[in-house]
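Student: Here's my sequence, what's the structure:
(2 chains)
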Amino acid sequence: MIKNKLDTKSLLMDYAIYVILTALVVIIAVISPKFLSINVAKDILMQSAVRIVVAMGCMFIIISGSADLSGGRMVGLAALIAASLAQTANASLKFWPNLPELPIFVPVLAAMLAGVCFGVFNGLVVSKLKVPAFLATLGTQMIIFGFSSLYFNMEPNSSQPLGSLLKGFRNLGGGSILGIPVIVIIALLVMLVVWILLTKTCLGKEIFAVGGNLEAARVSGINVFKIQLITYSIAGACYGLAGALEAARTSSATSAYGSGYELDAIASCIVGGCSVAGGVGTVGGVFAGVIIFNVLSYGLTFIGISPYWQNVVKGLIIIGAVALDVRKYAGKK
Amino acid sequence: MKKAIALVLVLVLALSLVACGAKAEEKEAVAGVCWYNFGDTFIANARSTLNNAAANGPVKVVDADSLNDVATQTSNMNNFYTQNVKYLVVNNINTNAIGEMIEQAKEKDVTLIFANTNSPTDEQFATYDKVYHVSSVATQSGTIMGEALVKYWNEHPEADRNGNGKLDYIMLLGIQGHYDTEVRASYSVQALTDAGIGTNCIMETICNYQRADAQNQVASILQSNMDDVEAVIACNDDMALGAIEALKAAGFFKGDDSFIPVVGVDATANGVEALKEGTMLCTALNNPVILGNSVYKLLTLLEEGKPLTQENVGIEGTTVEGHHIYINYVGITADNTEDAAY
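Tutor: Below is the predicted model of the structure:
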């Protein structure tokens, strides 16, 4: 009997995120039944897609027991790079005036490459210079924002929002295949790849091992330097892709893009069940973590509640999630 | 202990020397400029115009970025006072501290110019004779948006999509409490009311002048009020364009019968594109080049000791009144996009 009770409790704890998500949807739907529609679900998934890709990248770092504050600005820089390389030939204000129209994979890859470069930089600073990840990536965050602003302010653009993007590129954000938005398909593919990497490969096991217990991992022969470099690089690639998608979704880019996304991603990871201490985390949980925040911001606007309340509720959910995480952890010990 | 005392003494002496030096020094013709945010499109244009003008002018310009933060602006201003500038140009965001700012400038004997922000009151002007104000009249931008909607509403009876006889709109605000956004919002609605058109605000929401924010929020508002939305009033073009993206995604702008009037402010390159494309109805141009040139003209006149008059300023699109240089907004629609080229 007692055992049974405990099981229900731990079950509730393990699935708290899904319980909260369902409760949220039910409450909003009761206030405004129109909320339960395909279009709303599609909108929320489309708005979540970029955040999912950012959170997937961030998840690698959190699972490996590290932290990354540079993600949001990397999204911003990537969005600028992608948009500047994806303009139509006759754009009214062209970033690179003599650039021909490029195939759409070029801006996407360029954005991802920029992300990987800064990812490698983060990895080197953290593992070789031994700068605590929190501070190392805070530094990178500033460096990247500086570069973004410089790039954005280059002549002839001089800080004008980038526009006139190629139709094919914009379709990455706004188009759909068989009624499913392309951007959602991309996000799902990223999730699939991350899931395979984390659960089906040696690399995944090593990342969990490093995050679970760094010393034990080192002693058992795992190359911690390599793992850190790889996790930051994968994260960088994700941020780069997310930036390209954000530019495609909004058909524009400025240096303000991506601001604050890193904290949202970290919050989504933690709420989605990643342990702050590292070594724990699932793709499904992080997905739910992202969705919960987007349901919140979309849903509260939907029923006409001030955006300021969204922050209050968001904050409460984060605190609740971490409190739960700490208790789970204490229970294990 | 002795060492410590000696050190303190040396420091005190050194400081007093510096202090004396600062007092004796004659102020050079340097203007410190505090822009609210270098990343803002409009500011970036005004800033480059001002810096270019200063390259061959009598007053040197150094500028600083307030990063849209009141505390940073305050630090930047203090830094300029320490650098002993002769003029201080503030694209002020600390709009409740104008009195204190004038007091401080008076104390330091620095000419204070408020640029692209709300004006000090007449009482505040009276406290110090070296205060100036160069700005567009923000209310005009609201009126231009409102009047464009009035025209559209009167010419298109079908614009009343839900048939309630009122214009149901979504209002997209910039930053909370920001002066421009508040007057743009209130004067646009006022213009509709003045024309005898009843209005109903479906939702007023803050999008921080950002395109992505506007796109997300309008998508949500549309899903819950799909049949009622009859117009979107955005306090800048970026938000208007975000709203247009959301409207497109929800099936609007597919043909003549699915047009929703969206109005904005700034006439950015992308905004003008949207006017030409037929998605945006109207935008109000606040010409950053005129702002940058007007500020520099004022600095030149002050430096040369000439009075501030309409003739002396001589820049088209400006109106001089006392210590004010007003820059007039221009309404831009698909019919006069060439006026937006500057």
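Student: So which residue is dead centre in the chain?
Tutor: Because you didn't say which chain, this covers chain A. Note on chain A: the residue nearest the mean C-alpha position is A:Val54, at 1.6 Å, using CA atoms, centre = their mean.
Student: Oops, wrong one, chain B.
Tutor: B:Asn116 (5.1 Å).
Student: phi, psi of that residue?
Tutor: phi 50, psi 50 (degrees, to the nearest 10).
Student: Can you give me the pLDDT of it?
Tutor: Looking at B:Asn116, its pLDDT stands at 91.
Student: just B:Gly57 next, same as before
Tutor: At B:Gly57, pLDDT is 91.
Student: Provide the count of other residues in contact range of it.
Tutor: 17 (other CB atoms under 10 Å in any protein chain shown). C-beta: built from backbone N, CA, C; applies to glycine.
Student: thought it was touching B:Leu298?
Tutor: No. Using CB atoms under 8 Å, B:Gly57 makes no contact with B:Leu298, being 11.4 Å away.
Student: distance of the residue nearest to the centre of chain A from A:Val280?
Tutor: 20 Å (CB to CB, to the nearest Å).
Student: and what of A:Ala237?
Tutor: Distance of A:Ala237 to A:Val280, computed by CB to CB: 23 Å.
Student: These two - which one has more neighbours?
Tutor: A:Ala237 (22 against 19).
Student: That one reaches A:Val116, doesn't it?
Tutor: Yes. Counting by CB under 8 Å, A:Ala237 touches A:Val116, with 5.2 Å between them.
Student: element containing the residue nearest to the centre of chain A, please.
Tutor: Per DSSP states H and E: A:Val54 is located in helix A:38-63.
Student: close to chain B, is that helix?
Tutor: Yes. Using CB under 8 Å from any CB of the partner chain, helix A:38-63 reaches chain B at A:Asn39, A:Val40, A:Asp43, A:Met46, A:Gln47.
Student: which residues touch the first one?
Tutor: Read that as A:Asn39. B:Gln223, B:Ala250 (CB atoms under 8 Å, 6 or more residues apart in numbering or on different chains).
Student: burial of residue 125, as a residue count?
Tutor: Using chain A here. 19.
Student: my question was about chain B
Tutor: 17.
Student: ok, now the one 4 residues further on?
Tutor: B:Asp129 is surrounded by 9 other residues when neighbours are defined as other CB under 10 Å.
Student: same question, the one 3 residues further on
Tutor: When counting by other CB under 10 Å, one arrives at 24 neighbours for B:Tyr132.
Student: does it sit in a helix or strand, and which one?
Tutor: strand B:131-136.
Student: Give the pairing partners of that strand; include direction for each.
Tutor: strand B:111-115 (parallel), strand B:324-327 (parallel) (DSSP bridges).
Student: Report the contact partners of residue 120.
Tutor: This is for chain A. Per CB under 8 Å, 6+ apart, neighbours of A:Val120: A:Leu229, A:Tyr232, A:Ser233, A:Gly236.
Student: Hmm, no, I was thinking of chain B.
Tutor: B:Pro120 touches B:Ile98, B:Gly99, B:Ile102, B:Phe114, B:Val131, B:His133, counting by CB under 8 Å, 6+ apart.
Student: from the residues you listed, which would you call buried?
Tutor: B:Ile98, B:Ile102, B:Phe114, B:Val131, B:His133 (16 or more other CB atoms under 10 Å in any protein chain shown).
Student: Need the max-distance pair from these.
Tutor: Farthest apart among the buried ones among the contacts of B:Pro120 by CB to CB are B:Ile102 and B:His133. That separation is 11.2 Å.
Student: contacting residues for whichever residue of the stretch 51-200 of chain B sits closest to chain A?
Tutor: For the stretch 51-200 of chain B and chain A, the shortest gap (CB to the nearest CB) falls at B:Gln176, measuring 8.4 Å. B:Gln176 makes contacts with B:Ile206, as judged by CB under 8 Å, 6+ apart.
Student: hmm, back to that, out of the strands paired with strand B:131-136, which comes closest to B:Ala195?
Tutor: When the strands paired with strand B:131-136 are ranked by proximity to B:Ala195 (CB to CB), strand B:324-327 comes first, at 24.4 Å.
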